[in-house]
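> Take this sequence and fold it.
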Amino acid sequence: MMNNLFSIFDPTINLFNLSLNWLSTFIGLFMLPMSFWFLPNRHFFLWNFIINKLHKEFKNLLGINKFKGSTFIFISLFSYILFNNLLGLFPYIFTSTSHLTISLSLSLTLWLSFMIFGWINNTQHMFIHLIPQGTPFILMPFMVLIETISNIIRPMTLAVRLTANMIAGHLLLTLLSNSNLNLPIYFIFFVIFLQIMLLMLESAVAIIQSYVISILTTLYSSEVN
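Numbers count the residues shown, from 1 in each chain. Okay, the predicted model is just below:
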């Protein structure tokens, strides 16, 4: 029996006082079909098609000042988040992206690297970016303050967006599953149907959130060039 609704997100599985829940980040590699490692195959063609589409989109967002191969950073970010989001939909598998430990580590590391690179190599551009074009002279100090705060909270907003979306869906599934105990048999089938629909929605959310995080990170990196 759960102590509270958020107990499903607690890393409680351990061996010799070592948490094993975080192994879900890597254990999914063993769930890939054997044919994935043999080329050519359908899985490879599908994943290669997705990567090529993402590469073209990230390339357009980064603009002409991009470095060669920089799109693969964001493709890797998309793949990692998507992999963990979908893996968390399986029963009894820990959803690592539902914790700020993972999501904030990813967003803060990337944001810091972009900021350090921008302020060291493009200092004048970074100062200009703090003041939108056409801002009246009297409003410039306020705009600098507002833009600075918005830049600082970016990694937190990325992390909270991913974490909140992952937690919300899992909580709804948990609430529906716990309400089946004392219901009539005919109503249980209706609740199961709702759970299936919600699971399909969560699958879509897992894909959309990984795409949104990678797109926003790409946009943030394009601002420092």
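> Run through the strands of this protein in chain order.
All strands of the chain, identified by DSSP state E, fall at 14-15, 18-19.
> any idea which of those scores lowest on pLDDT?
Here the lowest mean pLDDT among the strands of the chain goes to strand 14-15, at a mean of 56.
> max-length helix in this protein?
helix 185-222 (DSSP state H).
> and that one, average pLDDT?
Helix 185-222 shows a mean pLDDT of 87.
> Stretch 96-108 too?
Stretch 96-108 carries an average pLDDT of 85.
> what residues does it touch?
Under the criterion CB atoms under 8 Å, 6 or more residues apart in numbering, residues 9, 21-22, 24-25, 77, 80-81, 84-85, 88, 154-156, 158-160, 162-163, 166-167, 170, 213, 217 lie in contact with stretch 96-108. Where you see a C-beta, it was placed from the backbone N, CA and C, and this is true even at glycine.
> Repeat that for stretch 128-138.
Applying CB under 8 Å, 6+ apart, the contact partners of stretch 128-138 are 140, 143, 144, 147, 148, 223.
> and of the residues you listed, the nearest to residue 118?
Ranked by distance to residue 118 (CB to CB), the contacts of stretch 128-138 are led by residue 223 at 7.6 Å.
> and the gap between that closest one and residue 102?
Distance from residue 223 to residue 102, counting by CB to CB, to the nearest Å: 25 Å.
> So which of the contacts of stretch 96-108 sit within helices?
If you go by DSSP H, the contacts of stretch 96-108 have 24-25, 77, 80-81, 84-85, 154-156, 158-160, 162-163, 166-167, 170, 213, 217 in helices.
> Going through those residues, which ones are buried?
Buried members of these, scored by 16 or more other CB atoms under 10 Å, are 24-25, 77, 80-81, 84-85, 154-155, 158-159, 162-163, 166-167, 170, 213, 217.
> Poorly predicted segments of this structure, please.
Across the chain, residues meeting the criterion (pLDDT under 70) sit at 1-24, 27-37, 39, 65-66, 179-181.
> 90 - rerun?
Within the chain, the stretches with pLDDT under 90 are 1-77, 79-107, 110-111, 113-155, 162-199, 201-202, 218-225.
> wait, which of the contacts of stretch 128-138 is closest to residue 46?
residue 223 (32.5 Å).
> Dihedrals phi and psi, the closest one?
Dihedral angles phi and psi of residue 223 (degrees, to the nearest 10) take the values phi -80, psi -20.
> Could you find the closest non-adjacent residue to it?
Nearest-residue entry for residue 223: residue 129, 6.2 Å, with adjacent residues in sequence omitted and distances by CB to CB, 6 or more residues apart in numbering.
> Repeat that for residue 58.
Distances taken as CB to CB, 6+ apart place residue 71 nearest to residue 58, at 4.1 Å, with adjacent residues excluded.
> Please tell me how far the nearest residue to residue 88 once chain neighbours are set aside sits from residue 115.
Nearest residue to residue 88, sequence neighbours excluded (CB to CB, 6+ apart): residue 95, at 2.9 Å. As for residue 95, its distance to residue 115 is 29 Å (criterion: CB to CB).
> Same drill for residue 223 and residue 102, tell me which one is more crowded.
The neighbour count for residue 223 versus residue 102, taken as other CB atoms under 10 Å, is higher for residue 102 (21 against 13).
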